[in-house]
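J.: Here is a sequence with its predicted model. Questions after.
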Amino acid sequence: MSRDPRTAATLAARLGFAARGLVYLLVGWFALDAARLGSAPADNQQAMGSLLDKPLGHILVAAIAVGLAGYALWRLSEAFLDPDRRGTKAKALVERIGFGWSAVVHFFLAIYAGKLALHLTRPETNPSEQRAESWSGWLMDQPGGEWLLGLIGLLLIGGAAAQAWKAYRGSFARELTGDVPLPRYVCLAGQIGYAARAIVFLLTGWFLIHAALEARADEAGGIGQALRTLRDQPQGPLLLAIVAIGLMLFGVYSFVEARFRRIHIGD
């Protein structure tokens, strides 16, 4: 691979981290506002749609679409090309499957953002829930679909465990470039952010498993439903506020990654 395509791919991945960071900041901000007002939290697609009525909003959403597409392609390269040489042992294969799933999720987010920017669709009320029900229903109509849906739910719960482990160990700091130790406050922001993501992943995975067990696609849900579930618990506003702050801190840490993340592009 020539140097120019490699440089372009690296820049696209960095733009992807920045785009992801902005989306998480918006989701966390709306969730914090929902905790204060008792309203419904927004999901990532609603968060992107909220930018459309802002000055240059369509341009910003278009930039998010490009960034998320770049992030998806980078995750796809990690899944199939294995530029970090993780190998094919069980742990590495699970990680690479997770990268592939992340690529699919961010690819569809990029398509949705692109449609918003080009006026090809309008912001929806609960887009992630509608899409979760749609693809879950389609999957359950296939042979062995309920088992596959349950397996995806288990993979998300496994992803939640991985996020929680990162939060506990702070191992994500090794993914940044440079020999200077990560400042404690930056590491703490990342730890809180990963812990918040672990909670959201755990709830989303459970929704899919419950949908598979009940054979009901309408039991599937996304980040919006996860945040609403937190809101509806005892001490729900406090729980939602804590997770909302965590998601915002993950967004901040994503901006750090956009600048300092060590990115390897496959040959």
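T.: It's in. Computed from a predicted structure; not experimentally measured.
J.: Quick check: pLDDT value at the nearest residue to residue 212 once chain neighbours are set aside.
T.: Spatial nearest neighbour of residue 212, excluding adjacent residues (Cβ to Cβ, 6 or more residues apart in numbering): residue 150 at 3.8 Å. To be clear about C-beta, it is placed using only N, CA and C from the backbone, and glycine gets the same treatment. Looking at residue 150, its pLDDT is 89.
J.: Residue 150: how many residues sit nearby?
T.: If you count neighbours by other Cβ atoms under 10 Å, residue 150 ends up with 17.
J.: same thing with the one 10 residues further on?
T.: Number of residues near residue 160 (other Cβ under 10 Å) recorded here: 20.
J.: just residue 55 next, same as before
T.: Applying other Cβ under 10 Å, I find that residue 55 has 7 neighbouring residues.
J.: In three-state terms, label it for me.
T.: coil (DSSP: H, G, I helix; E, B strand; the rest coil).
J.: Regarding the chain, what is its longest helix?
T.: Of all segments of type helix in the chain, defined using DSSP state H, the longest is helix 3-37.
J.: what stretches of the protein score poorly on pLDDT?
T.: 1-5, 124-131, 178-181, 265-267 (pLDDT under 70).
J.: Strands of that one, residue ranges please.
T.: Applying DSSP state E to the chain gives no strands.
J.: What backbone torsions are found at residue 54?
T.: phi -90, psi 160 (degrees, to the nearest 10).
J.: For residue 122, see how far away it is.
T.: Residue 54 is 16 Å from residue 122, where distance means Cβ to Cβ, to the nearest Å.
J.: And residue 113, by the same measure?
T.: 13 Å.
J.: Looking at these two, which one has more neighbours?
T.: Ranked by neighbour count (other Cβ under 10 Å), residue 113 and residue 122 place residue 113 first, with 27 against 9.
J.: quick one, what contacts the more buried one?
T.: Residue 113 makes contacts with 48, 61, 62, 64, 65, 68, as judged by Cβ atoms under 8 Å, 6 or more residues apart in numbering.
J.: Make CSV from the residues you listed and add neighbour count and distance to residue 215 to it.
T.: Shown next, in CSV, are these (neighbours: other Cβ atoms under 10 Å; distance: Cβ to Cβ, whole Å):
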residue, neighbour count, distance to residue 215
48, 28, 32
61, 23, 37
62, 16, 40
64, 28, 36
65, 22, 35
68, 27, 32
